[in-house]
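Asks: task: produce atomic coordinates for the following.
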Amino acid sequence: MTGVPKTAIELAKRFEGFHRVPRIDPGRAHPYICPAGYWTIGYGHLCESTHPPITESEAEVYLTHDLQTALAATLRYCPVLATEPEGRLSAIVDFTFNLGAGRLQTSTLRRRINQRDWAVSAQELCRWIYGGGKVLPGLVARRKVEAALMSGLHY
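Replies: Predicted structure coming up:
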């Protein structure tokens, strides 16, 4: 994936997974409603409920595009990450991929990153654990890994 840090790709695949729905069509992913209530397909790609099933290689194409979009938005809103270790950039690319550029753009997280306040940035990441108004265990785990990367640790 051009320009997207390897760690960001690994995070997206780890936390999104390639979701297959019906047992009668095991090689293809079908649209499903994610825990936050959005229609999704493949590796967390937003879609319409009527989207046709896709193969894993088609899901990879969507993921490539989605992560490139997330990388561009991350660097637009947090330009300091261009000179930071890959783990920090990966953490915020994954955050942006998962929650959208709008959430990053208007967040305290963005301000703390651009101030290079890595400890508080890691704490801010851990606040983004709600989906559909409730704490989602998958988001807790995801934010914990992102926070570790933000702090300079390995996951």
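
Asks: in the chain, which spans are helices?
Replies: Under the criterion DSSP state H, helices of the chain are mapped to 6-16, 56-77, 86-99, 101-105, 108-114, 118-125, 137-150.

Asks: ranking those helices by burial, who's on top?
Replies: helix 86-99 (a mean of 25; mean count of other Cβ atoms under 10 Å). Every residue, glycine included, has its C-beta placed from N, CA and C.

Asks: elements contacting it?
Replies: helix 6-16, helix 56-77, helix 101-105, helix 108-114, helix 118-125, helix 137-150 (3 or more Cβ pairs under 8 Å, 6 or more residues apart in numbering; DSSP states H and E).

Asks: okay, the third one in PDB with CA atoms only?
Replies: Right, the one you point to is helix 101-105. The C-alpha atoms that make up helix 101-105 are tabulated as PDB, following Å, rounded to 0.1, in the frame of the first residue of the first chain:
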ATOM      1  CA  ALA A 101     -11.200  12.500   9.500                       C
ATOM      2  CA  GLY A 102     -13.900  14.700  10.900                       C
ATOM      3  CA  ARG A 103     -13.500  13.200  14.400                       C
ATOM      4  CA  LEU A 104      -9.700  13.800  14.200                       C
ATOM      5  CA  GLN A 105     -10.100  17.300  12.800                       C
END
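
Asks: that helix - contacts with which helices or strands?
Replies: Using 3+ Cβ pairs under 8 Å, 6+ apart, helix 101-105 sits against helix 56-77, helix 86-99.

Asks: rounded mean pLDDT for that helix, please.
Replies: The pLDDT scores in helix 101-105 average 97.
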